[in-house]
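>>> Structure for the following, please:
(3 chains)
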Amino acid sequence: MTAPILEVRELSKQFRSGGVLHPSKLHAVDEVSFALTPGRITALAGESGSGKSTVARLILRLLESTDGEIVFDGRDVTRKRRRRDVLRYRSQVQMIFQDPFGSLNPAKTVRHHLARPLRIHGIAGRRDVRSRVEALLEVVGLVPPKKFADAYPHELSGGQRQRVAIARALAVNPKVVIADEPISMLDVSIRAGILNLMRDLKELGIAFLYVTHDLASARYVADDILVMYAGQIVEQGPVDDVLASPLHPYTRLLIASIPDGDRNLEPIEIRKGTAAAAVDPAPGCRFVDRCPLAIDVCRHETPQLVEAEPGRIARCHVTAPRQREDLHAHPAA
Amino acid sequence: MTLALDVLPHVPEARATPVVALENLVVDYVSRTRTTRAVDGVSLSIGAGEIVGLAGESGCGKSTLGNAIMQVLRPPAQISSGRVLFDGKDVVGRSRGDLRRYRWRNVSMVFQSAMNALNPVMRVGDQFVDMMRAHERVSKKEALVRAGELLELVGIDRRRLRSYPHQLSGGMRQRVVIGMALALRPELVIMDEPTTALDVVVQREILQQVRELQAELGFAVLFITHDLSLLLEIANRIAIMYAGEIVEEAPAASLRVDPRHPYTVGLLGSFPPLHGPIERLTGIPGSPPDLSAPPSGCRFHPRCPHCTGEDVALHARQVGERPLLRVVSGDHRVACHRETA
Amino acid sequence: MSQLQPTIELAPALPARRTRVRVPGWLTLLLRSPKSRVGVVILGFMIIVALIAPLISVSDPTAFSLVDARQAPSWHHLFGTTDQGSDIFSQVVVGARRSLILGAASGAIATAIAATLGILAAYAGGIVDDAINFLTNVFLVIPTIPLLVVASSYLTSRTMKSMVLFLALTLWAFEARILRGQALSLRNRDFVLAAKVAGESTWRIVFGELVPNMISRIAAGFVLVFYISLLVDAGLTFLGLGDTTHVSWGMTIYWAQTNSAVLQGEWWPFLFPGLALVLTVLGLTLILAGIDEVSNPRLRDEVRVRRHFLRSLVLPTRRAA
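Numbering: from 1, shown residues only, chains lettered A, B, ... in the order given. So this is what the prediction gives:
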């Protein structure tokens, strides 16, 4: 397998909240670590407030991290401030935003959106820009390219706009593309096209991070999956394995909640709680109030990520306990 | 959960007439430059205690339909023809007084985002009181007592009456809105994308809640959404809407195993499976048509994989003639030229 | 490239771009609303008058002629004459030039300052925002007219240039605050973040992404400063604190006032310059309303609703859904 191109190590982001008299810290992202590999799509799944979008923005350096490192191509880029370094990073790591109606400037043509990155990073001179723009439009399936290049965003449909957004991300030949819920605002029948496009672009050797709350589309498009809850990664592994036999109780809850035409709304037990980030979290598992498997230690000790089986990592005292000896001693568990 | 007696519905046991029936409803958006026909000749009936799902993508007219039933369409939208029958009587063009009694008491509505329906600067309890006193002669105290009962009905601690909407989670807010919709014991509750803005676990909770409530109180539901997989789980009957028309209508079970209309087939093929083998999704090429100038004949024909021109006679009908909803088996209706071959 | 989804026809209603007459987009938008149509006509009329002023002014507006002094409007002197015998029609027509140029110049300068500082403050945030806010607040607190009164009593030259500068310096702060607010709401829109991710520099984002989306508000600000300048200039001149030597509308009224025209029952030196002023300001205000309607589609619908409501009062319709 190829070496990872981007590594995130113990990345944390805290926001100050509460005010002057009762200052508190919102732990939006807590010691998140993972790696992105060229030619593979990694899904980052979680509900709203779980921190997944914050992770995306941290990687893109739209936010400053409180702690941890981002290592790109072997170099630590976490604190780089010089325009030259930041620019170089930006030419390698790109993003596709969630809202196809908001991520394009309403006052500019499609051509402008695609040409700007080409000019900023010096990828194409003035004469080549036209042909490069049209080539990009063909890659994302917007043909005839000339017609689309001169269009304004409001003249395009949601799916077409999202393709423009993808073309813009591809313009700089990035090594990493972060897609932040790229299909959630599109009509259902259009989503397939975008998902297929992403799958095909994998062949170009790009490393994708697919941020989503929709596990089914994660399964369709991704190779690996990371599940986030309250700012922490709670499970990690190959997508098919994780979804077929989830280790973490939260992953199980997520899977059970998805409407699946084959079942008939069997009531499942859902306890009150939210996936949102914790404020000044106490030690202990953050899922403990909703967990059907909770035991005593879950309330006092924060579980760590443990490789329960080769390639399968989870953060749970019960299903992925730290001492492997427990597993062997009680094989019936 | 014990229910106070007056929370039970006053719906008579069995009834032949549907609660709400639409007959060839046509709704237009009229502007200076053009007229857009958002709903084009829709007929649909919702029986007592039934959960009817209405599925379609953006711009198909499903929300307009919901608003038409509630009689809350505002200019430039107008009902151009057709009838909206509640309990057999047409509600279109009725007096304002009649409509005020009709809305919320007979038919109520739950909107997509609770924050659209809730006043952010009023306590939840006060909003209930406001709403109830607008429709019935009750004292503030009585209204608050009823509000408390309604909150418990939807699974929220009644002490939350004193909370402001922003102090509640998204799921709780949506449940408050559902509680409000049930306050006057309507016979039909229209839910327009009630769970789209919510996380999947919360969505599940809300759906379970709705199912329980519906079983206990017996109201009918028109569940409008773009998520067909939701409807396959919760609805008794499903109608698929495309470009202002209903193209297929069937019991949920039939629709799942035997979808007939190519659009329905395309929709079902747009959901990546959570289990089982992964095949390349097809989706549906193209985009929904501009309703101010819809395609001739069958509105789906530009995107339909079966409109190829091979069968010349069929092709002529596909581009020239609008297909009508016809029964294909039992309760299953489809509007497709291929079905009438 | 591996096989990709075939695309789709362009979404319908791609407006055909053919125009025989090259009408700039903003003009067509303005002409759409009946209010601003009137405004554009009025302003256009004033501009034309100002442009052809030397051609239509019968006589030198500053010419003295005791013979013709204090004459009521007649065919010979359309607007009458001043107490010095100068033709008021010429004065009004030539004065239009000064007023329009003054208004436009101070509008342009004030808007340029306001846009640059306001949008920069919103986008850059942090210390830059704080510094610009402080500056804005200082200028906001200063009351316009008293400042102008005080300043003009100190200044020896009361040329148009200094007036333009004063007006611009006192009026930019109000607009800057508004534009900052609007820019703040745009700053976190995805397309701005996308530009940042693409590597755009701050200045290019401010002028390339934010400004094009704020054009209507900036234009509205320009029109606002325009007509405020007109009024303030006329007012100051009337009080004798402005430039009473060059021909302007305020100057005509000033001299009439000073020379007790009212006592003589001479209404014409007041009426005509006053009308010109009122008309111009009216035109600008209507254009402002038109800009508002164009940029806020909801206002457009309200007009329709009002008409519909009025119509329904007269003819009760069954189909009022």
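>>> Check the spacing between A:G74 and A:E7 real quick.
Per C-beta to C-beta, to the nearest Å, A:G74 is found 9 Å from A:E7. For glycine as for every other residue, the C-beta is placed from the backbone atoms N, C-alpha and C.
>>> my bad, B:L231
Taking C-beta to C-beta, one finds B:L231 at 43 Å from A:E7.
>>> In chain A, what residue spans correspond to strands?
Using DSSP state E, the strands of chain A run over A:6-17, A:24-36, A:41-45, A:67-72, A:75-76, A:93-96, A:176-180, A:207-212, A:224-229, A:232-238, A:278-279, A:306-309, A:312-314.
>>> Now do the fourth one: which elements does it pack against?
This means strand A:67-72. Where contact means 3 or more C-beta pairs under 8 Å, 6 or more residues apart in numbering or on different chains; DSSP states H and E, strand A:67-72 is packed against strand A:6-17, strand A:24-36.
>>> Most tightly packed of those strands?
Using mean count of other C-beta atoms under 10 Å in any protein chain shown, the stretch among the helices and strands packed on strand A:67-72 with the largest mean neighbour count is strand A:24-36, at a mean of 20.
>>> Go ahead and measure how far stretch B:265-277 is from the middle of the chain.
23 Å (C-alpha atoms, centre = their mean, to the nearest Å).
>>> re earlier: same list as before, the strands of chain A that is, but in TSV and with mean pLDDT and distance to B:H332 included.
TSV is the format used below for the strands of chain A (pLDDT from 0 to 100; distance: least, C-beta to C-beta, whole Å):
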stretch	mean pLDDT	distance to B:H332
strand A:6-17	90	52
strand A:24-36	91	48
strand A:41-45	95	37
strand A:67-72	93	55
strand A:75-76	90	62
strand A:93-96	94	40
strand A:176-180	95	39
strand A:207-212	95	34
strand A:224-229	95	38
strand A:232-238	95	41
strand A:278-279	81	50
strand A:306-309	89	47
strand A:312-314	93	45
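>>> Just send those back as CSV, with distance to C:G290 too.
Formatted as CSV, these follow (distance: least, C-beta to C-beta, whole Å):
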stretch, distance to C:G290
strand A:6-17, 44
strand A:24-36, 45
strand A:41-45, 48
strand A:67-72, 50
strand A:75-76, 55
strand A:93-96, 38
strand A:176-180, 39
strand A:207-212, 43
strand A:224-229, 50
strand A:232-238, 55
strand A:278-279, 49
strand A:306-309, 67
strand A:312-314, 62
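>>> quick one: which of the ones you listed is nearest A:P153?
For A:P153, the closest of the strands of chain A is strand A:93-96, at 14.8 Å, according to C-beta to C-beta.
>>> can that closest one be found next to chain C?
Yes: Strand A:93-96 reaches chain C (C-beta under 8 Å from any C-beta of the partner chain) through A:Q94, A:M95.
>>> For that strand, output the C-alpha coordinates as PDB.
Backbone C-alpha positions of strand A:93-96 (Å, rounded to 0.1, in the frame of the first residue of the first chain) are rendered in PDB as follows:
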ATOM      1  CA  VAL A  93      -5.000  20.400  -0.500                       C
ATOM      2  CA  GLN A  94      -8.400  21.500  -1.700                       C
ATOM      3  CA  MET A  95     -12.000  21.400  -0.600                       C
ATOM      4  CA  ILE A  96     -15.500  20.800  -2.000                       C
END
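>>> what sits up against that strand?
For strand A:93-96, contacts defined as C-beta atoms under 8 Å, 6 or more residues apart in numbering or on different chains pick out A:6, A:56, A:59-60, A:72, A:103, A:162, A:165-166, A:168-170, A:172, A:174-180, A:182, C:194, C:197-198.
>>> ok, that strand: who's next to it in the sheet?
According to DSSP bridges, strand A:93-96 forms sheet pairs with strand A:176-180 (parallel).
>>> between the strand it pairs with and strand A:207-212, what angle do the directions make?
On the basis of axes from the mean of the first three to the mean of the last three C-alpha atoms, to 10 degrees, strand A:176-180 is oriented at 10 degrees to strand A:207-212.
>>> So what's the gap between strand A:176-180 and the chain middle?
Centre-to-centre, strand A:176-180 and its host chain are 7 Å apart (C-alpha atoms, centre = their mean).
>>> same check, this time on stretch B:181-201
Using C-alpha atoms, centre = their mean, the offset of stretch B:181-201 from its chain centre is 9 Å.
>>> Need the CA coordinates for it. CSV is fine.
Extracted in CSV, the C-alpha atoms of stretch B:181-201 (Å, rounded to 0.1, in the frame of the first residue of the first chain):
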residue,chain,number,x,y,z
ALA,B,181,-50.0,20.5,15.5
LEU,B,182,-52.0,18.0,17.5
ALA,B,183,-53.4,20.5,20.0
LEU,B,184,-56.8,20.7,18.5
ARG,B,185,-57.1,17.1,17.6
PRO,B,186,-57.0,17.5,13.9
GLU,B,187,-58.0,14.6,11.6
LEU,B,188,-55.1,15.2,9.3
VAL,B,189,-51.6,16.3,10.0
ILE,B,190,-49.5,17.4,7.1
MET,B,191,-45.8,16.9,7.7
ASP,B,192,-43.6,18.7,5.2
GLU,B,193,-40.1,17.4,5.5
PRO,B,194,-40.3,17.2,9.3
THR,B,195,-37.1,15.4,9.8
THR,B,196,-34.8,16.5,7.0
ALA,B,197,-32.9,19.0,9.1
LEU,B,198,-32.4,16.5,11.9
ASP,B,199,-29.7,13.9,12.5
VAL,B,200,-30.5,10.3,11.7
VAL,B,201,-30.8,9.1,15.2
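>>> Show me which residues of that stretch are buried.
Buried residues in stretch B:181-201, defined by neighbour count with 16 or more other C-beta atoms under 10 Å in any protein chain shown: B:181-195, B:197-201.
>>> Out of those, which sit inside strands?
B:L188, B:V189, B:I190, B:M191, B:D192.
>>> Tell me the buried residues in stretch A:177-190?
Using 16+ other C-beta under 10 Å as the test for burial, stretch A:177-190 gives A:177-183, A:185-190.
>>> Taking these together, which two end up most distant?
Spatial extent of the buried residues of stretch A:177-190 (C-beta to C-beta) is set by the pair A:I178 and A:S189 at 25.1 Å.
>>> how many other residues sit next to the closest residue to chain C within the stretch 101-250 of chain B?
Nearest residue of the stretch 101-250 of chain B to chain C (C-beta to the nearest C-beta) works out as B:A243 at 12.1 Å. Residues near B:A243, counting by other C-beta atoms under 10 Å in any protein chain shown, number 23.
>>> what do you get for the one 10 residues further on?
As a burial measure, B:A253 scores 14 neighbours (other C-beta under 10 Å).
>>> I'd guess it is in a strand, am I close?
No: per DSSP: H, G, I helix; E, B strand; the rest coil, B:A253 lies outside any strand segment and is helix.
>>> Quickly note the distance from B:N24 to A:F101.
Separation of B:N24 from A:F101 (C-beta to C-beta): 34 Å.
>>> How about C:A112?
Noted for C:A112: a distance of 31 Å to A:F101, by C-beta to C-beta.
>>> all helices for the stretch 201-333 of chain A, in order.
Per DSSP state H, counting those that start in this stretch, the stretch 201-333 of chain A carries helices over the ranges A:215-221, A:239-244, A:249-257, A:296-300, A:324-329.
>>> hey, least reliable of the ones you listed by pLDDT?
Note on these: helix A:324-329 shows the lowest mean pLDDT, a mean of 47.
>>> Name all residues that make contact with the most centrally placed residue in chain A.
Closest to where the C-alpha atoms of chain A average out (C-alpha atoms, centre = their mean) is A:V211, at 2.8 Å. Counting by C-beta under 8 Å, 6+ apart, A:V211 touches A:A43, A:L44, A:K52, A:S53, A:V55, A:A56, A:I178, A:A179, A:D180, A:E181.
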